[in-house]
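Chemist: Okay, structure incoming, though there's no sequence with it:
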């Protein structure tokens, strides 16, 4: 039984991947385990109330476990009340069954992105993008990386899908704003999140690497561009500066993690296209994964801080 198929009242005897695990203290002073399980169809919360200290020593985050329990509805959200749990060796499962993946073929997406790169006329930007495209180690990571730990495009292949979608959006808007430098905008779109291949780890559950936690994908991406630019004779300093500014400002605001705010037209456009693509993906997933049986409205969505209306 996949997580997406689980219904209130179901008895569970399943193998899950542990995404999160936390030992907490209940109001009565006893310990309990708060857990989040995942498979390739979604995730589900779980609670273990009895013998929490004992079970806490049996397994850890990112372990596979066999779970017995019952599904209940807690504040409009499905939750497993665990009766028994045991650790399962990785060799006994197919990891692909527990990682969500893009529904688009990575090779098709990579070809589509390459076609967009081939339209760029600036010789320096073309060479820069080619160096990334010819870097087989980078491309293998780029094809499989998620775009985030959670929220938008948080699945295998999500980074490539998000990058292609943002590049498509940026290409479209150049028709309405002739003063935009299309080569710079598309290059910024292709490279804006490249640092995520080293920021995130995704062998099992998604999380941050030490480099990701300490430095972050924006700075990592700028360093990656610096490394490639040094391989190109005569790369214009101003062009390098403008491109790096786009990466440094693509989150738009200081409070969202941007070291700089957008100060050129291409940067403000990249910020808005990136933001729109991320928010639309999250909105669509919120509708798809909502469990409210009301045909018109979702349960209250904590991220968007509102109820969402179902138009389809």
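Modeler: Alright, I've got the coordinates. In this text the structure is predicted, and so the values were computed from the model without any measurement.
Chemist: How is residue 37 assigned, secondary-structure-wise?
Modeler: What DSSP: H, G, I helix; E, B strand; the rest coil gives for residue 37 is strand.
Chemist: which residues does it contact?
Modeler: 3, 16-19, 43-44, 46, 65, 67, 80 (CB atoms under 8 Å, 6 or more residues apart in numbering). All C-beta atoms are positioned from the backbone trio N, CA, C, and that covers glycine.
Chemist: Grab the nearest non-local neighbour of it.
Modeler: In this structure, residue 37 finds its nearest non-sequential neighbour in residue 16, 3.6 Å apart by CB to CB, 6 or more residues apart in numbering.
Chemist: State the pLDDT value of the one you found.
Modeler: On pLDDT, residue 16 comes in at 94.
Chemist: Then the one 5 residues further on?
Modeler: According to the model's per-residue confidence, residue 21 sits at a pLDDT of 93.
Chemist: beta partners for it?
Modeler: residue 35 (DSSP bridges).
Chemist: Please verify my assumption that it contacts residue 57.
Modeler: No. In this structure, residue 21 is not within contact of residue 57 by CB atoms under 8 Å, at 11.5 Å.
Chemist: I would like the residues contacting the helix or strand in which residue 224 is found, please.
Modeler: Following DSSP states H and E, one finds residue 224 within helix 217-229. Here helix 217-229 makes contact (CB under 8 Å, 6+ apart) with 128, 131-132, 191-196, 198-200, 211-212, 235, 240, 243-244, 247-248, 250-251, 257-259.
Chemist: that older thread, sitting in strands, which of the contacts of residue 37 do you find?
Modeler: 16-19, 43-44, 46, 65, 67, 80 (DSSP state E).
Chemist: Just the buried residues out of the contacts of helix 217-229, in ChimeraX syntax.
Modeler: To isolate the buried members of the contacts of helix 217-229 in ChimeraX, using 16 or more other CB atoms under 10 Å:
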select :128,131,132,191,192,193,194,195,196,198,199,200,211,212,235,240,243,244,247,248,250,251,258
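Chemist: Look at the nearest residue to residue 61 once chain neighbours are set aside and say how many residues are nearby.
Modeler: Using CB to CB, 6+ apart and skipping the chain neighbours, the partner closest in space to residue 61 is residue 21 (5.1 Å). Neighbour count of residue 21, defined by other CB atoms under 10 Å: 20.
Chemist: Would you enumerate the residues in contact with residue 21?
Modeler: 33-36, 56, 59-61.
Chemist: Can you spell out the domain ranges of this protein, please?
Modeler: 3-95, 99-287 (automatic domain parsing).
Chemist: distance between the ends of the last one?
Modeler: The first and last residues of domain 99-287 sit 20 Å apart, counting by CA to CA, to the nearest Å.
Chemist: Now do the helices in this structure.
Modeler: All helices of the chain, identified by DSSP state H, fall at 52-56, 106-118, 123-133, 136-144, 158-173, 182-191, 196-199, 210-214, 217-229, 237-249, 265-289.
Chemist: closest one to residue 26 among those?
Modeler: The closest of those to residue 26 is helix 52-56. By CB to CB, the value is 9.1 Å.
Chemist: What lies in contact with that closest one?
Modeler: 21, 23, 30-33, 48, 85.
Chemist: coming back round to it: just put the helices of the chain in JSON lines and tack on distance to residue 311 and mean pLDDT.
Modeler: Shown next, in JSON lines, are those (distance: least, CB to CB, whole Å; pLDDT from 0 to 100):
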{"stretch": "helix 52-56", "distance to residue 311": "43", "mean pLDDT": "92"}
{"stretch": "helix 106-118", "distance to residue 311": "28", "mean pLDDT": "96"}
{"stretch": "helix 123-133", "distance to residue 311": "38", "mean pLDDT": "97"}
{"stretch": "helix 136-144", "distance to residue 311": "33", "mean pLDDT": "95"}
{"stretch": "helix 158-173", "distance to residue 311": "21", "mean pLDDT": "97"}
{"stretch": "helix 182-191", "distance to residue 311": "29", "mean pLDDT": "98"}
{"stretch": "helix 196-199", "distance to residue 311": "32", "mean pLDDT": "96"}
{"stretch": "helix 210-214", "distance to residue 311": "36", "mean pLDDT": "95"}
{"stretch": "helix 217-229", "distance to residue 311": "34", "mean pLDDT": "98"}
{"stretch": "helix 237-249", "distance to residue 311": "34", "mean pLDDT": "98"}
{"stretch": "helix 265-289", "distance to residue 311": "9", "mean pLDDT": "93"}
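Chemist: Of all those helices, which one is nearest residue 97?
Modeler: That would be helix 136-144 among those, by CB to CB, at 16.2 Å.
Chemist: re the thing from before, make a markdown table out of the helices of the chain and add distance to residue 310.
Modeler: As requested, the helices of the chain are arranged in a markdown table below (distance: least, CB to CB, whole Å):
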| stretch | distance to residue 310 |
| --- | --- |
| helix 52-56 | 38 |
| helix 106-118 | 29 |
| helix 123-133 | 40 |
| helix 136-144 | 32 |
| helix 158-173 | 23 |
| helix 182-191 | 31 |
| helix 196-199 | 31 |
| helix 210-214 | 35 |
| helix 217-229 | 33 |
| helix 237-249 | 35 |
| helix 265-289 | 6 |
